[in-house]
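J.: here's a sequence, model it:
(one chain, ligands or ions: 2)
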Amino acid sequence: STPLLDVKDLGVEYRSGWRSSPTKAVDDVSLTVGHGEIVGLVGESGSGKSTVGRAILGLMAAARGTIHLGGQDITRQRAAERRDLPTGLQVVFQDPYASLNPARTIGRTLSEPLEVHGKLSAADARTQIEELLTRVGLPADAIDRYPSAFSGGQRQRIAIARAISTDPALVICDEPTSALDVITQARMLDLMSDLSRERGTAMLFIAHNLAVVAAIAQRVVVLYRGRVMETGTTQDVLCRPLHPYTQALIASSPVADPLRQRKRRAARQQADPVAGSEGTGTTPEGCPFAPRCPHATSTCRIQRPAVTLVDGRSVACHLFTADTPTPEGATA
Ligand code: SF4
Ligand code: MG
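T.: Ligands and ions are numbered 1, 2, ... in the order given. A predicted model of the protein is given here:
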């Protein structure tokens, strides 16, 4: 069946100055999100993951490629049009302090999207908002208070309530829990996956933290320097990463074990998208991970690896070709 969100060969560019040539922030990114599915989009800072989210929301223009939502081509639609689609698109941003208007009561902030989508009397809207606030774990009387009365975690609950209030088919979540402490973060992830299940809301969950994605997503897309490295079920990608970059990313993820922490420090340097990026001799055609990849060959530096289907997932790496079995040493 047709996926709810279908991003194909997306390219996004930006210029740092009017004279500079454009930099590719996102290059040839393809991904899908099914109806009701939660897909994690993972990458280090600078990988282009937020840019993908912003392009889907219409906050940045696509230089190349297409974006379909509910079968409809939305590539050229403005952000406001995308929000107001019957298949609606909503967003939860990272910063709980910047995302709510401090001069508006929670009730006013939450009634706005409901009014845009129309059809509700003021009394019905109020009842619905109170129910929503209760559902996300806030007291119903929060409705008449201002954002300053709430903690960061509570504000993110309010932002989530706002995002789901119109029953959107898809919510783009850009690191919605990364500003929160670990316990609040875990509760928020529980809430979001419960809401997704109850309402059939699909989510594209953007995060730099693999543990966060593992807790919530059914599928994972791994991004590095604006390109998709690996895509697969969360279980496959986290337990048996195929792409050398995914392996480095997992090895550098926080773990409790102090012995592994030393290895992690070394792996983090390897996975770092920015460090050592200058003068590495990679051409734009090559694999972006080649400068730090332990398996890199001369081919990797000049030839861009094609996306290949391996064991039910896709991998962009020269170690994998469509019909060859997983090579020795590629799965650490
Ligand atoms: Fe490493 Fe080459 Fe695969 Fe890139 S294509 S990840 S450099 S083996
Ligand atoms: Mg970001």
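J.: next, the residue nearest to Val12 when sequence neighbours are not counted: secondary structure please.
T.: Excluding the flanking residues, the one nearest Val12 by Cβ to Cβ, 6 or more residues apart in numbering is Val26, at 4.1 Å. (C-beta placed from N, C-alpha, C; glycine too.) Secondary structure, DSSP: H, G, I helix; E, B strand; the rest coil: Val26 is strand.
J.: and Val26, how far from Tyr146?
T.: Distance, Val26 to Tyr146, using Cβ to Cβ, to the nearest Å: 37 Å.
J.: thinking again about what came up before, pretty sure the residue nearest to Val12 is touching Tyr14, no?
T.: No: taking contacts as Cβ atoms under 8 Å, Val26 lies outside contact range of Tyr14: 9.7 Å.
J.: compare these two (neighbour count), which wins?
T.: Using other Cβ atoms under 10 Å as the criterion, Val26 and Tyr14 rank with Val26 on top: 29 against 14.
J.: domains of this protein?
T.: Segmentation of the chain into domains, based on automatic domain parsing, reads 102-165, 242-316.
J.: right, and those domains - which one's nearest ligand 1?
T.: Nearest to ligand 1, of all those, is domain 242-316, at 3.0 Å by Cβ to the nearest ligand atom.
J.: let's test this: mean pLDDT of that closest one, rounded?
T.: What domain 242-316 shows for mean pLDDT is 76.
J.: what of stretch 88-107?
T.: 82.
J.: mind checking how far it is from the chain centre?
T.: Here stretch 88-107 is found 18 Å from its chain centre; the criterion is Cα atoms, centre = their mean, to the nearest Å.
J.: and if you look at stretch 161-168?
T.: Here stretch 161-168 shows a centroid-to-chain-centroid distance of 18 Å under the convention Cα atoms, centre = their mean.
J.: which parts of that stretch are buried?
T.: Within stretch 161-168, the residues that count as buried by 16 or more other Cβ atoms under 10 Å are Ala161, Arg162, Ala163, Ile164, Ser165, Thr166, Pro168.
J.: just give me the neighbour total for the residue nearest to the third one when sequence neighbours are not counted.
T.: What that stands for is Ala163. Sequence neighbours aside, Gln90 is the residue nearest to Ala163 in space, at 4.0 Å (criterion: Cβ to Cβ, 6+ apart). Gln90 has 24 neighbours, counted by other Cβ under 10 Å.
J.: for Gln90, helix, strand, or coil?
T.: Three-state assignment for Gln90 (three-state DSSP): strand.
J.: contacting residues for it?
T.: Neighbour list for Gln90: Arg83, Pro113, Arg162, Ala163, Ile164, Thr166, Pro168, Leu170, Val171, Ile172 [criterion: Cβ atoms under 8 Å, 6 or more residues apart in numbering].
J.: quick check: residues of the chain near ligand 1?
T.: Counting by Cβ under 6 Å from any ligand atom, the chain comes close to ligand 1 at 244-245, 287, 289-290, 293, 295-296, 300, 305, 317-319.
J.: ends of stretch 68-81, how far apart?
T.: One end of stretch 68-81 sits 13 Å from the other (Cα to Cα, to the nearest Å).
J.: cool, and stretch 30-39?
T.: End-to-end distance for stretch 30-39, by Cα to Cα: 13 Å.
J.: again with stretch 37-53
T.: 16 Å.
J.: list the buried residues of it.
T.: Judged by neighbour count using 16+ other Cβ under 10 Å, the buried positions of stretch 37-53 are 37-44, 46-53.
J.: so which of those sit within strands?
T.: Applying DSSP state E to the buried residues of stretch 37-53, the entries found in strands are Ile38, Val39, Gly40, Leu41, Val42.
J.: dump those residues to a markdown table, plus distance to Arg19.
T.: As requested, those are exported to a markdown table (distance: Cβ to Cβ, whole Å):
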| residue | distance to Arg19 |
| --- | --- |
| Ile38 | 42 |
| Val39 | 38 |
| Gly40 | 38 |
| Leu41 | 32 |
| Val42 | 34 |
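J.: for Pro139, state which of these is nearest.
T.: Taking Cβ to Cβ as the measure, Ile38 is the one of those closest to Pro139, at 27.6 Å.
J.: now do the closest one, the pLDDT please.
T.: Looking at Ile38, its pLDDT is 97.
J.: which strand residues bridge it?
T.: Beta-bridge partners for Ile38, by DSSP bridges, are Met203.
J.: show me the contacts for it.
T.: Residues near Ile38 by Cβ under 8 Å, 6+ apart: Met192, Ser193, Ser196, Ala202, Met203, Phe205, Ile216, Ala217, Gln218, Arg219.
J.: number of nearby residues for the second one?
T.: Residues lying near Ser193 (other Cβ under 10 Å) number 17.
J.: farthest-separated two in the buried residues of stretch 161-168?
T.: By the measure Cβ to Cβ, Ala161 and Pro168 form the most distant pair in the buried residues of stretch 161-168, at 12.4 Å.
J.: thinking again about what came up before, can you add secondary structure and give the residues of the chain next to ligand 1 back as JSON lines?
T.: Listed next are the residues of the chain next to ligand 1 as JSON lines, based on three-state DSSP:
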{"residue": "Pro244", "secondary structure": "helix"}
{"residue": "Tyr245", "secondary structure": "helix"}
{"residue": "Cys287", "secondary structure": "coil"}
{"residue": "Phe289", "secondary structure": "coil"}
{"residue": "Ala290", "secondary structure": "helix"}
{"residue": "Cys293", "secondary structure": "coil"}
{"residue": "His295", "secondary structure": "coil"}
{"residue": "Ala296", "secondary structure": "coil"}
{"residue": "Cys300", "secondary structure": "helix"}
{"residue": "Pro305", "secondary structure": "coil"}
{"residue": "Cys317", "secondary structure": "coil"}
{"residue": "His318", "secondary structure": "coil"}
{"residue": "Leu319", "secondary structure": "coil"}
